[in-house]
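>>> The following comprises the amino acid sequence and a computationally predicted model.
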Amino acid sequence: MFDTLSFSVQQNDITKKIFKVFSNSNGDLFLSLHYFQSEEFHCGNAYYPSGVGTIQLNPIIEGKKSPIPIPIKFTYHEDGQVHFKPINPKKIEVGKFYKFSEVKCTPFREIKAQHIFTLEFEGLQKFKDFKPKDKSEFYGIIKAPNDAKRFKFLGYLGKSEKDVLNLVDQSKTFIINRKGIPSKLCFGLMFVPFTESLNKSSPDNSMFYFLAGFHLEALDHNNSETFLYLYAK
């Protein structure tokens, strides 16, 4: 059991750090996404209308600069509140927005096993190189096929390893050390590589998107749903 779970992707002779998961003394969970060097990003609410196959985006914050790490992190509170938050409010012009696009999803006490985020990206070149630093941090290095162009992580949360594996039997599971909180949470992760690019005109261009804040009903496309999104390139 570790304080922080860090995940990287290795392809050919390079290894790049993608994201990390950690907790605070209140038991809240955070996902740090700042390893991607973005030239442009926007985040906010995504709306999935009932019976419609297209997601509608409502940007709250947008940024365009020379390549910088994505300057926000994702927060999942014990009571089910989820939102994006600036890593350093002094380095991003957020005006009155301290928390970006907040939604309510499943509280930890009600979670048995549930999909909590999707992270997908093309190309590894814009991510930071992997460099282990902290002995209290778990470093998961996932080997990708040499011909993979696009990569997807699916994150799950449950009360136990058994609950997560009953939902997704091929996922890798990890117990998160929630500092000061006696109840443990099990984090599950699936990695899916793809050989085809979504960007047919410029397959070498990098892109990154993140979706989170789902209710169980979001898995049923007959129901409308509002959740969070982040897109960067």
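Sure, I can see it.
>>> nearest spatial neighbour of Glu137, skipping sequence neighbours?
Counting by CB to CB, 6 or more residues apart in numbering, Glu137 lies nearest to Thr4, which is 4.2 Å off, once chain neighbours are set aside. Heads up, the C-betas are built off the backbone N, CA and C, glycines and all.
>>> OK, contacts around that neighbour?
20-22, 134, 136-138 (CB atoms under 8 Å, 6 or more residues apart in numbering).
>>> Identify the bridge partners of it.
Phe22, Glu137 (DSSP bridges).
>>> Beyond the helix or strand of the chain with the lowest mean pLDDT, next helix or strand please.
Least confident helix or strand, the chain: strand 100-104 with a mean of 76, by mean pLDDT, DSSP states H and E. Later in the chain than strand 100-104, the nearest helix or strand by DSSP states H and E is strand 113-122.
>>> Which strands border that following strand, and is each parallel or antiparallel?
Applying DSSP bridges, you get strand 150-158 (antiparallel), strand 207-212 (antiparallel) as the partners of strand 113-122.
>>> buried sites along the next helix or strand after the first one?
Using DSSP H and E, the helix or strand that follows strand 150-158 in sequence is helix 161-167. For helix 161-167, burial by neighbour count (16 or more other CB atoms under 10 Å) applies to 161, 163-165, 167.
>>> In terms of secondary structure, what does helix 161-167 contact?
The helices and strands touching helix 161-167, judged by 3 or more CB pairs under 8 Å, 6 or more residues apart in numbering; DSSP states H and E, are strand 113-122, strand 150-158, strand 172-176, strand 185-194.
>>> ok, back up a step: of the contacts of Thr4, which is the most crowded?
When neighbours are counted by other CB atoms under 10 Å, Val21 leads those with 23 neighbours.
>>> related to what we said a few turns ago, need the worst-confidence member of the contacts of Thr4.
Note: of the contacts of Thr4, the lowest pLDDT belongs to Asp134, at 71.
>>> quick one: contacts for the nearest residue to Ser38 once chain neighbours are set aside?
In space, and not counting its chain neighbours, Ser38 is closest to Ala232: 3.9 Å by CB to CB, 6+ apart. By CB under 8 Å, 6+ apart, the contact set of Ala232 is 36, 38, 40-41, 70, 207-209.
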